[in-house]
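Asks: model this:
(chains A, B and C, ligands or ions: 2)
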Amino acid sequence: MILSQLVAGVSVGSILLLAAVGLALTFGQMGVINMAHGEFIMVGAYTAYVVQSVLGHAGISLLVAIPTAFLVGGLLGVLLEQLLIRHMYHRPLDTLLATFGVGIILQQLARDVFGAPAVDVRTPSWLQGSVEILGTAVPTSRIFILGLVVAVVAGLSLLMTHTALGRRIRAVVLNRNLAETSGISTRSTDRLTFFIGSGLAGVAGVTITLIGSTSPTLGTSYIVDAFLVVVAGGIGRIKGAVIAAFSLGILQAFIEVGTTASIAKFLVLVIVVAFLQIRPQGLFSVRTRSLA
Amino acid sequence: MSITATGGTSRPTPDAAPRTPQRASASARGTGRTLPTGKALPTGKALLAGLRRLTGGPEVPGPRHAMIGLGLLALGLLVLAPMLLTDFRLNQLGRFICYAIVAVGIGLAWGRGGMLTLGQGVFFGLGAYAMAMHMQLADAELQGLAAPQFMLTFGADVPWWWEPFRSGLFTVAAILLLPAVVAVVLGLSVFTRRVKGAYFAILNQAMVFAFAVLLVGQQATLNGSNGLSGFQSFLGFSLYDPANRRAIYLLAAAVLILLVAIAWWMMRSRFGELLVATRDAEERVRFLGYNPALIKTAAFATAAVMASIGGALFVPLVGIISPAEIGVVPSIAFVIGVAIGGRATLFGPVIGALAVAWAESSLAETFPSGWSYLQGLLLVLVIAILPGGVASILTRFRPRDGGPGSDHPHDSGQPDLRDLPDQPDQPGHSDRADHPTQPDLTVQEGDRP
Amino acid sequence: MTALSIRDLRVRFGAFTAVGGVSFDAADDEVHFLIGPNGAGKTTCVDAITGLVRGSGSVTMGGTELLGRSVQATARRGVGRTFQTASVFEQLTVVQNLDIAAGLHRRWPALLGMRRSVEPRVEQALRDTGLTELQDAAAGTLSHGQKQWLEIGMLLVQDAQALMLDEPVAGMSHDERVATGELLHRVKRGRAVVVVEHDMEFMRTFASRVTVLHQGQVLSQGSVTEVQEDPRVQEVYLGTAAQPEEELVHA
Ligand SMILES: Nc1ncnc2c1ncn2[C@@H]1O[C@H](COP(=O)(O)OP(=O)(O)OP(=O)(O)O)[C@@H](O)[C@H]1O
Ligand SMILES: [Mg+2]
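Replies: Ligands and ions are numbered 1, 2, ... in the order given. Sure, this is the predicted structure:
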């Protein structure tokens, strides 16, 4: 019983983390509040749908959809950064509202193109069924998602610590002006950071199709949670986002025992808000450029 | 931008000669520099100047202009609208008025106080549900039922916490006090921890999300996602009688006008000046012996009560309240009208909210998806290009000293960052602590080609 | 009488000690200068005294301990300050700025009222700082020097017992400096005025007493001449930071 809730919690946490990890870059590292991030997730999900409609085969199309959605999300992100966000780096609250406007447009676009009713993406046969873990049956797709999250987070931390790009991103975060005067192009760094962060939203969208159906409002149901994960984890720390996502997931799973899903959700949000009262800087803190 | 409306429009000349008080300067420049184009200009300009003073300008209008503005609003909403509109349209306008009431509070908290209240749905919902519970109980009583209809279908009893809402007095008290208490508790805890800017906005959003989730979960007690509806009477008057519905409309319009008057008073009072000071330089205010957390909490709580009143009037006018009316998206929609109208102005939020709601419903009737695009686009464009809202367009027509074509960075025609309440300010060392206006802020980022 | 007494003030930022045991007294009716090279810890001292950063040691005024109080509580005790970067409320007019500073003397219900007339103390401050003509100008449109004066004016209406000014004459012309110095001497009556400055000439002309900080320590203390003759001061500070312009010293 405890074990099965734990497993359920980890599963919820991994999806939360996937939705939040891109934000950990764009919000956490760059301080940009991109409310359209949720819609990028939605676009990723529809990308999976389109790829599957074109390719037919569920297994192959999933593997094709992941990189495609990364590209689509990333390009959307760069476009948004280039056209809108870069003009507003000094106005975080206005960025929030303006990108929300973009979100409204993307949602309506999805509604006009794919229709308002939800569509389904078929799960490949090798992800159907379930595996027995610690005495509970865990759907294979959930394990796949967990594996994907681990891969994404590992890849991202390697990128941040071991590559020139990662060093550039961190340099720009720590001191923009200094980075600029030492020859780092902050513009291209911003663009790349945004590309990766938004691309990860696309990937998150693909994986979400494995556990539910896809509708134009898909993004709205994830965006608030995702922001909370990043804030609770501590701005600018991927480690914090990981811990926060899994804690939230597990907390939710355990509160659900004895209450309902909606009360559990409510309580989790209340707990996070209360936690942020005690530690406004989140679990881990680091000074970033434009917030905190 | 516009704010500095008067003094601020002219370039800051370092060795400033005494500046003419605003009124004089506006009109003097308006007429003194008439272009050869003709004599019609001065009246046009005078009209613009008047409009500017009514709507534009972060400068709060003086008593005379406030009275004129309120009078026009009253004339439009209390006299003209009931005369000209059909019952259906009037009722619709009543709904917009509820949004405008919420907008007045947002203008105060966000425009004047710099707190982006993305969670007004919580307070709107508190007021609306309080009113709806009262009306449900009253209806049940009239019909001789033991409990509201939906509870009977669930086979549930009236829960204990519904009971006090049988009393109209308790309901009114709850509508006014409940949001105030919630906002004060939340505001004090958040603001004394110096949570601000984007964090405050995100916390608010999480709060409204949680609230909506909670409501959806209350199947047997609040009818879950269907919400409360099917009301038959309001304060003992039948809702089927058009005359009663008109009366409710008039009540809402009168409340709006009263709240705008209160907002004007608050903006114009010392509190209003202090609120702007706190918005622009929170740390600095501390050094003058004030606690900014209290100031911000007061504005936040006022906005919360206004949202609650809007919600309470919404229920008899519209006849339903459900979680869908108060979630994350409706809460942002409350803000959109304010942003478009002019967040820091007195009448901007009201006019913006009314106009946006009207545009939405008339577009939605003919061209449903068009509205979403327009709304999104408007939001993006107004925020990016015209952060002062439409009200700031008026100041663009202000004749400039240098004549048309001259381009001074401080000209108020351009939105000026000085206006934007959300400069991130970093706590800590005083050299850097809290200085919203560093030289590099004078040119507006969004204006770059 | 000693208005403000600082004993063994220490401020640490993590492992870095910005102020390492500073003691000095600022007496009423004196303009006490706090000088030292960049990074010496002058601003940090003022920050600690006014409650902005946490410091240890003791800061007393009229026998009451000030350390450990919040910024606003310290302000209410009668300590006022200005900032290295002029920070006035740019969107508000000069009168509004001053009126807000006078709020310390009103009870809170006054906040609900409107400002109908210019209070006498505000009027006095306008006259003292020469800003009467500009009283309805938005503070954001003032020149740098005028903003500094407005800040001083805000201190005056606050009626602070201890005035801490962080580089009040930076960026001012010579005449403006002289005017500011004279203003400081006019307002010092019954108050302790502490001035952080880099401008040596200004210091020599207007200092009653001087404390020299270096790397968070007091290097030297005394009258202008005593300090100037201190070889250690000449070494770390006067030798490098400023070229004395002799003719101005006696201006
Ligand atoms: N919040 C802080 N965190 C870390 N170090 C700080 C902080 N504030 C100040 N310092 C450091 O403390 C030292 C003293 O700074 P301070 O600003 O007091 O110097 P100062 O004498 O006012 O210099 P200046 O004349 O340049 O204004 C500096 O080395 C500075 O970098
Ligand atoms: Mg300093």
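Asks: residue 72 sits in which helix or strand?
Replies: All of this refers to chain A. Secondary structure here is read from DSSP states H and E; on that basis residue A:72 sits in helix A:58-83.
Asks: actually, chain C is the one I wanted.
Replies: Using DSSP H and E, the secondary-structure element containing residue C:72 is helix C:71-76.
Asks: give me the pLDDT for residue B:222.
Replies: Per-residue confidence at residue B:222 stands at 92 (pLDDT).
Asks: chain neighbours aside, what residue packs nearest to it?
Replies: What sits nearest to residue B:222 in space, not counting adjacent residues and going by Cβ to Cβ, 6 or more residues apart in numbering or on different chains, is residue B:215, at 5.9 Å. From N, CA and C alone the C-beta is placed, and that goes for glycine too.
Asks: in the helix or strand following the helix holding residue C:72, what counts as buried?
Replies: Beyond helix C:71-76 on the C-terminal side, the first helix or strand identified by DSSP H and E is strand C:79-81. Of the residues in strand C:79-81, those scored as buried under the neighbour-count criterion (16 or more other Cβ atoms under 10 Å in any protein chain shown) are C:79, C:80, C:81.
Asks: so strand C:79-81, near ligand 1 or not?
Replies: No. No part of strand C:79-81 sits near ligand 1 under the criterion Cβ under 6 Å from any ligand atom; the closest distance found is 12.7 Å.
Asks: and that strand, does that touch chain B?
Replies: Yes. Strand C:79-81 comes into contact with chain B when judged by Cβ under 8 Å from any Cβ of the partner chain, the residues involved being C:80, C:81.
Asks: give the partner strands of that strand in its sheet and their orientations.
Replies: Each strand pairing with strand C:79-81, determined using DSSP bridges, is listed with its direction: strand C:162-166 (parallel).
Asks: which residues are in contact with the partner strand?
Replies: Strand C:162-166 has contacts (Cβ atoms under 8 Å, 6 or more residues apart in numbering or on different chains) with B:430, C:3-4, C:26, C:42-43, C:46, C:49-50, C:61, C:78-84, C:151-152, C:155, C:184, C:187, C:191-196.
Asks: what about those residues, which are in helices?
Replies: Mapping the contacts of strand C:162-166 onto helices (DSSP state H) picks out B:430, C:42, C:43, C:46, C:49, C:151, C:152, C:155, C:184, C:187.
Asks: might one say that the second one is in contact with residue C:36?
Replies: Yes. Residue C:42 lies in contact with residue C:36 (Cβ atoms under 8 Å); the separation is 5.6 Å.
Asks: so what sits against both of these two?
Replies: Common contact partners of residue C:42 and residue C:36 (Cβ under 8 Å, 6+ apart): residue C:213.
Asks: check residue B:69 and give its pLDDT.
Replies: The per-residue pLDDT reported for residue B:69 equals 90.
Asks: what about it, neighbour count?
Replies: Residues contacting residue B:69 under the criterion other Cβ atoms under 10 Å in any protein chain shown number 22.
Asks: phi first, then psi, for it.
Replies: Main-chain torsions, residue B:69, degrees, to the nearest 10: phi -60, psi -50.
Asks: still on that earlier bit, what helices and strands are in contact with the helix holding residue A:72?
Replies: helix A:37-55, helix A:186-208 (3 or more Cβ pairs under 8 Å, 6 or more residues apart in numbering or on different chains; DSSP states H and E).
Asks: give the contact list for residue 172.
Replies: All of this refers to chain A. Listed by Cβ under 8 Å, 6+ apart, the contact partners of residue A:172 are A:179, A:184, A:186, A:189, A:190, A:193, A:289.
Asks: hm, I was asking about chain C
Replies: With contacts defined as Cβ under 8 Å, 6+ apart, the neighbours of residue C:172 are C:144, C:145, C:148, C:180.
Asks: which one is residue A:254 nearest to, not counting chain neighbours?
Replies: Across the structure, with Cβ to Cβ, 6+ apart as the measure, the residue nearest residue A:254 apart from its sequence neighbours is residue A:5 (5.3 Å).
Asks: contacting residues around the one you found?
Replies: With the criterion set at Cβ under 8 Å, 6+ apart, residue A:5 makes contact with A:250, A:253, A:254, A:256, A:257.
Asks: swap in residue B:316?
Replies: For residue B:316, the residues meeting the contact criterion (Cβ under 8 Å, 6+ apart) are B:131, B:135, B:231, B:234, B:239, B:248.
Asks: now the two most distant members of these.
Replies: By the measure Cβ to Cβ, the contacts of residue B:316 have their two most distant members at B:131 and B:239, which lie 12.7 Å apart.
Asks: higher neighbour count, the two?
Replies: residue B:131 (27 against 18).
Asks: just want the angle from the helix or strand encompassing the residue nearest to residue A:254 to helix A:58-83.
Replies: Element membership for residue A:5 (DSSP H and E) is helix A:2-23. Helix A:2-23 and helix A:58-83 are oriented at 40 degrees to each other (axes from the mean of the first three to the mean of the last three Cα atoms, to 10 degrees).
Asks: chain center to helix A:2-23, what's the gap?
Replies: Average the C-alpha atoms of helix A:2-23, do the same for its chain, and the two points are 12 Å apart (Cα atoms, centre = their mean, to the nearest Å).
Asks: how about it: buried residues?
Replies: Buried residues in helix A:2-23, counting neighbours by 16+ other Cβ under 10 Å, are found at A:4-23.
Asks: need the pLDDT of residue A:228.
Replies: pLDDT, the model's per-residue confidence, is 86 for residue A:228.
Asks: number of residues surrounding it?
Replies: The number of residues packed around residue A:228, counting by other Cβ under 10 Å, is 27.
Asks: one more: the one 3 residues further on?
Replies: As a burial measure, the neighbour count of residue A:231 was computed by other Cβ under 10 Å and equals 31.
Asks: ok so it is a helix residue?
Replies: Yes. Looking at residue A:231 with DSSP: H, G, I helix; E, B strand; the rest coil, it is inside a helix.
Asks: give me the neighbour count for residue B:324.
Replies: A total of 15 residues lie near residue B:324 under the criterion other Cβ under 10 Å.
Asks: and the residue of the stretch 101-250 of chain A closest to chain B?
Replies: Per Cβ to the nearest Cβ, residue A:101 is where the stretch 101-250 of chain A lies closest to chain B, at 3.1 Å.
Asks: what's near enough to touch that residue?
Replies: Residue A:101 neighbours (Cβ under 8 Å, 6+ apart): B:375, B:376, B:377, B:378, B:379, B:380, B:383.
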